[in-house]
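>>> Give the three-dimensional model of this entry:
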Amino acid sequence: MIQRHRKDYYTQLQRASVPNRIDEWLDWFFDIALAAQQRTLERVHFLIAKTKLLDRLRGRINVRQEKALLRMFAEGPDGFRGGLSAANYRTITGAATATATRDLAELVLLGALRKDGEFKRTRYRLRT
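Next up, the predicted model:
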């Protein structure tokens, strides 16, 4: 989290060093430490949900679908920026357009993905 907010970290450190008072810096640091703990908990819950989902789908999805789901999981709790499109699915799996559409619809029916939007704006997100 400090790496993610390093500019703010150095700003806070500079503020604390000039008057040699670290109260504000400590407050900031504690907030970042709590945010890091929260982020870790989110990741643990995400990994548990991933495992449960893959266990539930074992033997019910094809190799392409599994490959796409694993790629989506690799993005972490935040997922694909903007969601997974059919074009992304085809790129990941090498599937034809009709196959990609059918595979994605099946993943929605199985409860692995949720569908947002319609037509070219359709995006898929993990249901964890």
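
>>> mind showing which ranges of the protein have poor pLDDT?
Judged against pLDDT under 70, the chain has no low-scoring part.

>>> And the helices in it, which stretches?
Taking DSSP state H, the helices of the chain run over residues 6-17, 23-57, 63-74, 86-93, 97-109.

>>> burial measure for the nearest residue in space to Ala86 that is not next to it in sequence, as a count.
In space, Ala86 comes closest to Ala100 once its chain neighbours are excluded; the distance is 5.0 Å by CB to CB, 6 or more residues apart in numbering. Where you see a C-beta, it was placed from the backbone N, CA and C, and this is true even at glycine. Look at Ala100: counted by other CB atoms under 10 Å, it has 22 neighbours.

>>> quick one on the thing from earlier: so can I have a markdown table of the helices of the chain showing distance to Arg125?
As requested, those are exported to a markdown table (distance: least, CB to CB, whole Å):
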| stretch | distance to Arg125 |
| --- | --- |
| helix 6-17 | 29 |
| helix 23-57 | 13 |
| helix 63-74 | 8 |
| helix 86-93 | 12 |
| helix 97-109 | 10 |
